[in-house]
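Trainee: whatever this is, show me its structure:
(chains A and B)
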Amino acid sequence: MLQATGINKSFFGNRVLEDVNFDVKAGQVHALIGENGAGKSTLVNILSGNLQRDTGKVVFDGDTVSFDNPLEAMSAGISVVHQELSIVPQATVAENIFLRREITNRFGFNDWNAMYARCQAVFDRMQVDINPRALAGSLSIGMQQLVEVAKSVVLNAKLIFMDEPTSSLSEKEIDELFQVVRDLRDSGLAIVFISHKLNELFEISDHVTVLRDGRNVGTRLTAEASSDEIISLMVGRSLSKLYPERSASVGDVVFSCRDLALFGAVKDVNFDLRRGEILGMAGLIGAGRTEAMLALINARKRASGRFELNGKPIELNSPHEALGHGIVYLSEDRKGSGLFLDYDMVLNVSSCVLDREARFGMENRKAMREATWRYVTEMDIRPKRPSATILSLSGGNQQKILLAKSLNADPKVLIVDEPTRGVDVGAKAQIHKKLRELANAGCSIILISSELPEVLGMSDRVLVFRSGTVVADLDNKAGVLTQEDVMNAAVELEGLAV
Amino acid sequence: MSSAQALVDKDKGMKIPFRSVLSSRQFWLLTINAVVVIGLGIMRPDTFLSWINFKAVLSLMSYDLLLAIAMTTVLIVRGLDLSVGAVMALSSVVMALLLRAGMPVLPSVTGGLLVALLCGFTNGFFIVRIGILPFLVTLAMMTAARGVATVLTTGQYISFPTAPRWFSRFARHEFVLQIGDASYGVPVLLIITLTATLVFGILLSNWVPLRRLFFIGQNAEAAKLSGIQVERLTIAAYMISAFFVWIAALLMTSANKIGYANYGITAEMRAIAAAVIGGASFFGGSGSIFGTFLGVLLLALIGNGFILLNGDPNWQQATVGVVLIVAVGIDALRTIRQRG
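Mentor: Predicted coordinates for the structure are as follows:
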């Protein structure tokens, strides 16, 4: 269906794509993966008319093509579902789908009946239950994603690029999306699926192509590839193991939480945390894990809760008090509530401990810079320039800075919420290694993650949340817990509640 | 660049370029101020380049400078204080009434301070705890404070003939600086203003509790999760603002020898303009006292220039508007370029 050969592209002298060959066949799902900056987005942009290639040849549907803009690509049958949704929330589903290509009657007015009917036909074909008359903003993110896909289908696209479509979806929504993708594939469309998540591409794709440093380093039949092989292709070396070795020494109970409740979101949460332990928190999105931890430090006003640190009862009336006890929460939303984007690395890393080594209350900038420099070297943060503003860093490096900021506060109990969201494989491994080192050094860690493999790979013990409370406390010291064990606890009876 | 960023004076092993010592913003403001001074110096060498004129410019801008510092402090925490001018009038009126009633100087000025701080606290309380927009809260405070001041004085000047003479003289008192043959009189008003500016400028860029204000303005949620006491410090910022308003009220009351309910009308707008020209932002997290000082100075020099060149004073307002829009426009362009 699509054959791209010898694609080259440079930006201001930087080679971002080098002799890339990329073939997509009709009726197949082709996964495209690579670390951040490997050139995935550039390739997609070139093939969909958003950017112009420097050299190379693209054959689509038998014709040599060269698109000047996305509209040309679209009318030829190539469309893109972007990671950032382009839904207008105040408009109906049908209005969104037909935006700027409305069906009109012979007087030039919008023919809503025709558009609703066409929408319904597409949704029927995709086997999803969405009302074309509903406001798009009233749909869940998962449904909105399906509306985006429907847009492409309405256009009679033959090839659809999907750029990290699952990054903000729950497990259930991902399943629905995958079902739609399979149906479209079976009806003869070609789909290029871009994702960071290995388990997803194994589930959905027929072929997988790995980009590294702007080159195609290998295309494999998914059924014949192993995750180790794909990862070593992505990072250019083999990661001996996906997750660091567990520690042998989990100590006594350091921190305990009793009767934690947050009105309308969390109730009866009880747990103990041991020295040097990584305690995973698993559950569906909305199960109340993040809310419970925000209630724990009282960043959201809790209804009840009692806490003990090293056997002594303590008050945790604010994040400030929690920090004083060495309890640090690392936000899941690094841009919204984690980092100070316009400030540099030094200020961000120091933000919890501005008064450290202060003289007469005056900031000690030398100490601040030295601490930052230590983390920059230790965690391989790029660029190696502490005065770089956070906004100029890649997602992975931002996440490392966020972790460095928390570590700089010398936590005894570190709560990390989605510490590797939107981060490439290399940075992910470094963050995992750092967390394990920290636990080995005696820090106790609570790990919230929506990626079950991460929770299982990192945790010594797993708490499963459902509907705002802990429903299972599973030991994982041997590392033999399976996704099924956790998911059974997480979704049990969920069907009845709906 | 904000002063918060300017603090990173060097990376490992890198030399400090001149431009990063001053932030580029301050560098350009300094340059523009210098250009205006040189230009006016060339066109009006006798009148402009005299100590009498400089003294007048600096003394007149003292009140604006103090109010602009107050404004900068709240802009840093992503706030706004429209009540600076009105609270200055109220505080002045309270001091004058207490002095007229025969109260000694110390309790009288303390009374003025307490009233100002109460206004600042009320602003902060409603903004932080009740969650009303700073614009609305301080607009209400502006109207209320001006109203109360007018009621208390029935619109009259409040003189205090029985108060100690030194109080109505100290602001205008001049210390004479002898350099060679020339002698320069420096008014106490100016000394107090510049000292307060210098001390606060140093504290704002070094003292940890004040440094935290920048983090609050940049991202309040992240600041809170970083253990910064956002609510307490934000209220404190409004009270610091009120403190500087009180200094302005004190100096004005002493220098003019009267309390008056119409002091500082539209002063809040000049304060905002100067602070924003100096690098403060409505989006919080940036601003510096040196920048604000340069902003106030630029506006004062423009005003002085119009008088010396016999320009139409209406054009002066228009010029200030142009300067403001250019400063803000440059910021917007820079932000667009940075964020890509």
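Trainee: up against chain B, what does the stretch 201-350 of chain A have?
Mentor: Residues of the stretch 201-350 of chain A lying near chain B by Cβ under 8 Å from any Cβ of the partner chain: A:297, A:299, A:318-320, A:322-324, A:329, A:331, A:336-344, A:346-347. Every C-beta, even on glycine, is put in place using the N, C-alpha and C of the backbone.
Trainee: so among those, which ones count as buried?
Mentor: Buried by 16 or more other Cβ atoms under 10 Å in any protein chain shown: A:297, A:299, A:318-320, A:322-323, A:329, A:331, A:337-344, A:346-347, out of those.
Trainee: next step: these restricted to helices.
Mentor: A:Pro319, A:His320, A:Ala322, A:Leu323, A:Val346, A:Leu347 (DSSP state H).
Trainee: nearest to chain B among those?
Mentor: The closest of those to chain B turns out to be A:Leu323 (Cβ to the nearest Cβ; 3.4 Å).
Trainee: now do the contacts for the nearest residue to A:Val425 once chain neighbours are set aside.
Mentor: Counting by Cβ to Cβ, 6 or more residues apart in numbering or on different chains, A:Val425 lies nearest to A:Met234, which is 5.5 Å off, once chain neighbours are set aside. For A:Met234, the contact set (Cβ atoms under 8 Å, 6 or more residues apart in numbering or on different chains) comprises A:Ile33, A:Gly34, A:Glu35, A:Ala38, A:Val210, A:Arg212, A:Val425.
Trainee: what helix or strand is A:Met234 on?
Mentor: A:Met234 is located in helix A:227-235, with elements delineated by DSSP states H and E.
Trainee: got it, and B:Ile69?
Mentor: If you go by DSSP H and E, B:Ile69 is part of helix B:51-76.
Trainee: by contact count, what packs against that helix?
Mentor: Packed against helix B:51-76, as judged by 3 or more Cβ pairs under 8 Å, 6 or more residues apart in numbering or on different chains; DSSP states H and E, are the following elements: helix B:84-100, strand B:182-187, helix B:188-206, helix B:208-218, helix B:230-256, helix B:267-277, helix B:289-308.
Trainee: looking at these, which is closest to B:Phe160?
Mentor: When these are compared by Cβ to Cβ, helix B:84-100 sits nearest B:Phe160, at 3.7 Å.
Trainee: and that closest one with helix B:230-256, angle?
Mentor: Going by axes from the mean of the first three to the mean of the last three Cα atoms, to 10 degrees, helix B:84-100 is angled at 60 degrees with respect to helix B:230-256.
Trainee: pLDDT on the following helix or strand past helix B:84-100, on average?
Mentor: Moving toward the C-terminus from helix B:84-100, the next helix or strand (DSSP H and E) is helix B:105-125. For helix B:105-125, mean pLDDT is 97.
Trainee: do stretch A:122-129 as well
Mentor: Mean pLDDT, stretch A:122-129: 83.
Trainee: ends of stretch B:171-190, what's the gap?
Mentor: Terminal residues of stretch B:171-190 lie 8 Å apart, using Cα to Cα, to the nearest Å.
Trainee: which residues sit against that stretch?
Mentor: Applying Cβ under 8 Å, 6+ apart, the external contacts of stretch B:171-190 come out as B:51, B:55, B:58-59, B:62, B:170, B:191-192, B:250-252, B:254-255.
Trainee: sort out for me which of the contacts of A:Met234 are in strands.
Mentor: A:Ile33, A:Val210, A:Arg212 (DSSP state E).
Trainee: just the buried members of the residues you listed?
Mentor: Buried members of the ones in strands among the contacts of A:Met234, counted by 16+ other Cβ under 10 Å: A:Ile33, A:Val210, A:Arg212.
Trainee: let's have those in JSON lines, adding distance to A:Gly468.
Mentor: Shown next, in JSON lines, are those (distance: Cβ to Cβ, whole Å):
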{"residue": "A:Ile33", "distance to A:Gly468": "35"}
{"residue": "A:Val210", "distance to A:Gly468": "40"}
{"residue": "A:Arg212", "distance to A:Gly468": "43"}
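Trainee: any idea which of these is closest to A:Ala292?
Mentor: Proximity of these to A:Ala292 (Cβ to Cβ) peaks at A:Ile33, which lies at 33.2 Å.
Trainee: may I see the buried residues of the helix holding A:Met234?
Mentor: Neighbour-count burial for helix A:227-235 [16+ other Cβ under 10 Å]: A:Ile230, A:Ile231, A:Ser232, A:Leu233, A:Met234, A:Val235.
Trainee: can you check stretch A:380-396 too?
Mentor: Result for stretch A:380-396 [16+ other Cβ under 10 Å]: buried residues A:Ile381, A:Pro386, A:Ser387, A:Ala388, A:Thr389, A:Ile390, A:Leu391, A:Leu393, A:Ser394, A:Gly395, A:Gly396.
Trainee: redo those residues as TSV? Include distance to chain B, secondary structure and pLDDT.
Mentor: Below are the buried residues of stretch A:380-396 laid out as TSV (distance: Cβ to the nearest Cβ, whole Å; DSSP: H, G, I helix; E, B strand; the rest coil; pLDDT from 0 to 100):
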residue	distance to chain B	secondary structure	pLDDT
A:Ile381	13	coil	90
A:Pro386	6	coil	91
A:Ser387	5	coil	90
A:Ala388	9	coil	89
A:Thr389	7	strand	89
A:Ile390	10	helix	92
A:Leu391	6	helix	86
A:Leu393	13	coil	85
A:Ser394	13	coil	83
A:Gly395	14	helix	83
A:Gly396	18	helix	86
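Trainee: nearest to A:Ile314 among the residues you listed?
Mentor: Taking Cβ to Cβ as the measure, A:Ile314 sits nearest to A:Ile390 out of the buried residues of stretch A:380-396, at 32.2 Å.
Trainee: ok, now how distant is that closest one from B:Asn219?
Mentor: 10 Å (Cβ to Cβ, to the nearest Å).
Trainee: which neighbours do these two share?
Mentor: Common neighbours of A:Ile390 and B:Asn219 (Cβ under 8 Å, 6+ apart) are A:Leu339, A:Phe340, A:Leu341.
Trainee: of the residues you listed, which is the nearest to A:Glu451?
Mentor: A:Glu451 lies nearest to A:Leu339 out of these, by Cβ to Cβ, at 21.3 Å.
Trainee: so what's that closest one up against?
Mentor: A:Asn348, A:Ile390, A:Gln398, A:Ile401, A:Leu402, A:Lys405, B:Asn219, B:Ala222.
Trainee: swap the cut-off to 7 Å and go again
Mentor: Contacts for A:Leu339 (Cβ atoms under 7 Å, 6 or more residues apart in numbering or on different chains) come out as A:Asn348, A:Ile390, A:Gln398, A:Ile401, A:Leu402, B:Ala222.
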